[in-house]
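Chemist: Sequence plus predicted model, see below.
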Protein chains: 2
Amino acid sequence: MKQRKGKLFVVSAPSGAGKTTLCSRLLGNFGTVGYSVSFTTRKPRHDETDTEDYYFISVEEFEAMIERGEFLEWAKVHNNYYGTSRKTVEDILATGKDVLLDIDPKGARQLKNSLDYGIYIFITAPSMEDLKTRLINRRTESEEIMNIRLTNALEEVQHIHEYDYLIVNKEINRAYNDLEAIYIAEHLRAADVEKIEDIMDLN
Amino acid sequence: MKQRKGKLFVVSAPSGAGKTTLCSRLLGNFGTVGYSVSFTTRKPRHDETDTEDYYFISVEEFEAMIERGEFLEWAKVHNNYYGTSRKTVEDILATGKDVLLDIDPKGARQLKNSLDYGIYIFITAPSMEDLKTRLINRRTESEEIMNIRLTNALEEVQHIHEYDYLIVNKEINRAYNDLEAIYIAEHLRAADVEKIEDIMDLN
């Protein structure tokens, strides 16, 4: 790949845990983060825009991309395909911008197996009860879909140890503060400094 | 040792890099941090209080403590002894409070060799010129001592790779924000969660 200058942040969370709000706020506050738009075969929700929230494509198109090896990770979740294009991510990192990837635990696992870099963050609600309330308040899903999401959530939280960081979203401002702290701290890693002269004038 | 519940943060910086200001602010803002008071044989500065800033003891007392193996680390810097009592640190960590240790790079290295835990942070000024200006403005040291400090600083910054994080103190509020981000992020480590049930209600 091209020279990687930015950092890759991978964020996973059960539906309803507040991931989208938190990630949008980070993107809004830091011009240094580029959002890698995913591909999906699911139908757009009323507030979603093609090429901004997702590239909404057909099952046929998606499977052709799998065939051509164009995905860094892909998965079938809730009967829909979701995938991250390798080219999209590598192009952003090469410009020096960071990438924030919003993907489910199965995708995160694929990514972790195929990349030797990346910071993995899991966001969860404080309880299943809370998660259920948030999904009900969202009113965008049928009860059947909601139950699938809750079952998936129970399974997903068992995998938190595959992540570097864990944010429990009890209160949105506090959770955002946590996400921002991780983002800032990861840019202060001493291991990233090649020569002290790059950051400090010794004369 | 007793069961360790808190986290150990080790902060090093050349004299004049702003370490004391930054650490005091963190201690003031987070009641969860206990300050481990060091032992020293140097004379107190006019604004320093015994048992608060340091335990100011005699060379004879200090050497007796070395003899009895009571130090987690100790060093002779600028012709004075400085040391961290193992008991002080372990007692604080056992209560669940974190410990912030303010020690020089030689002490940090001893600590890192003898402990399998700890988060190491190096704070530096943006340039040697800046460091010199800050030392001059402090007006507490003779020119001879100041020159020793500057020579030491040049040597110390060569060891930043022994640290986990590096903060360049260009501007005090920004540098404090960095320190706080590290402190918060390190409390979000997924590896610290033994069971998901400890942080989330699954029922």
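Modeler: Looks like it came in fine.
Chemist: Flag every buried residue along stretch A:106-122.
Modeler: A:106-112, A:115, A:118-122 (16 or more other C-beta atoms under 10 Å in any protein chain shown). C-betas here are computed from N, CA, C, even on glycine.
Chemist: Of those, just say which sits nearest to chain B.
Modeler: Nearest to chain B, judged by C-beta to the nearest C-beta, of the buried residues of stretch A:106-122 is A:Phe122 at 6.5 Å.
Chemist: what's across from that closest one in the sheet?
Modeler: With DSSP bridges as the criterion, A:Phe122 is bridged to A:Ser12, A:Leu166.
Chemist: Does it touch A:Val168 like I think?
Modeler: No. A:Phe122 is not in contact with A:Val168 according to C-beta atoms under 8 Å; the separation is 9.6 Å.
Chemist: can you tell me which of the buried residues of stretch A:106-122 are in strands?
Modeler: A:119-122 (DSSP state E).
Chemist: So which bits of chain A are right by chain B?
Modeler: A:122, A:124-129, A:154, A:157-158, A:160-161, A:163-168, A:177-178, A:180-186, A:188-191, A:193, A:196, A:199-203 (C-beta under 8 Å from any C-beta of the partner chain).
Chemist: again, 6 Å this time
Modeler: Contact residues, chain A versus chain B (C-beta under 6 Å from any C-beta of the partner chain): A:124, A:127-128, A:157, A:160-161, A:163, A:165-166, A:168, A:178, A:181-182, A:184-185, A:188, A:190, A:193, A:196, A:199-202.
Chemist: If any of these are buried, put those into a ChimeraX selection.
Modeler: Selecting only the buried members of these in ChimeraX, with burial defined as 16+ other C-beta under 10 Å, works like this:
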select /A:124,128,157,160,163,165,166,168,178,181,182,184,185,188,190,193,196,200
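Chemist: Among the residues of chain A next to chain B, name the ones in strands.
Modeler: Those of the residues of chain A next to chain B lying in strands (DSSP E): A:124, A:165-166, A:168.
Chemist: Look at A:Ile148 and give its secondary structure.
Modeler: Put simply, A:Ile148 is helix when judged by DSSP: H, G, I helix; E, B strand; the rest coil.
Chemist: Could you report the neighbour count for it?
Modeler: Neighbour count for A:Ile148, taken as other C-beta atoms under 10 Å in any protein chain shown: 16.
Chemist: Can you add distance to A:Asn137 and pLDDT and give the ones in strands among the buried residues of stretch A:106-122 back as JSON lines?
Modeler: Below are these laid out as JSON lines (distance: C-beta to C-beta, whole Å; pLDDT from 0 to 100):
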{"residue": "A:Ile119", "distance to A:Asn137": "30", "pLDDT": "97"}
{"residue": "A:Tyr120", "distance to A:Asn137": "28", "pLDDT": "97"}
{"residue": "A:Ile121", "distance to A:Asn137": "24", "pLDDT": "97"}
{"residue": "A:Phe122", "distance to A:Asn137": "22", "pLDDT": "95"}
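Chemist: Turn these into CSV, columns for distance to B:Tyr81.
Modeler: Below are these laid out as CSV (distance: C-beta to C-beta, whole Å):
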residue, distance to B:Tyr81
A:Ile119, 41
A:Tyr120, 44
A:Ile121, 43
A:Phe122, 46
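Chemist: Which two of the buried residues of stretch A:106-122 have the greatest separation?
Modeler: By the measure C-beta to C-beta, A:Lys106 and A:Ile119 form the most distant pair in the buried residues of stretch A:106-122, at 18.4 Å.
Chemist: contacting residues for the closest residue to A:Lys106 other than its chain neighbours?
Modeler: Nearest non-adjacent residue to A:Lys106, counting by C-beta to C-beta, 6 or more residues apart in numbering or on different chains: A:Ala75, 4.5 Å away. Neighbouring residues of A:Ala75 by C-beta atoms under 6 Å, 6 or more residues apart in numbering or on different chains: A:82, A:106-107.
Chemist: in chain A, which spans are helices?
Modeler: For chain A, the helices defined by DSSP state H occupy A:19-29, A:59-67, A:86-95, A:105-114, A:128-138, A:143-156, A:172-186.
Chemist: next one: the second one to chain centre, how far?
Modeler: Think helix A:59-67. 22 Å (C-alpha atoms, centre = their mean, to the nearest Å).
Chemist: ok, now stretch A:36-54?
Modeler: Worked out by C-alpha atoms, centre = their mean, stretch A:36-54 lies 14 Å from the chain centre.
Chemist: same thing with stretch A:94-112?
Modeler: 6 Å.
Chemist: so what's the residue nearest to the spatial centre of chain A bridging to?
Modeler: Most central in chain A under C-alpha atoms, centre = their mean is A:Asp102, positioned 1.7 Å from the mean C-alpha point. Beta bridges link A:Asp102 to A:Val11, judged by DSSP bridges.
Chemist: All set now, cheers.
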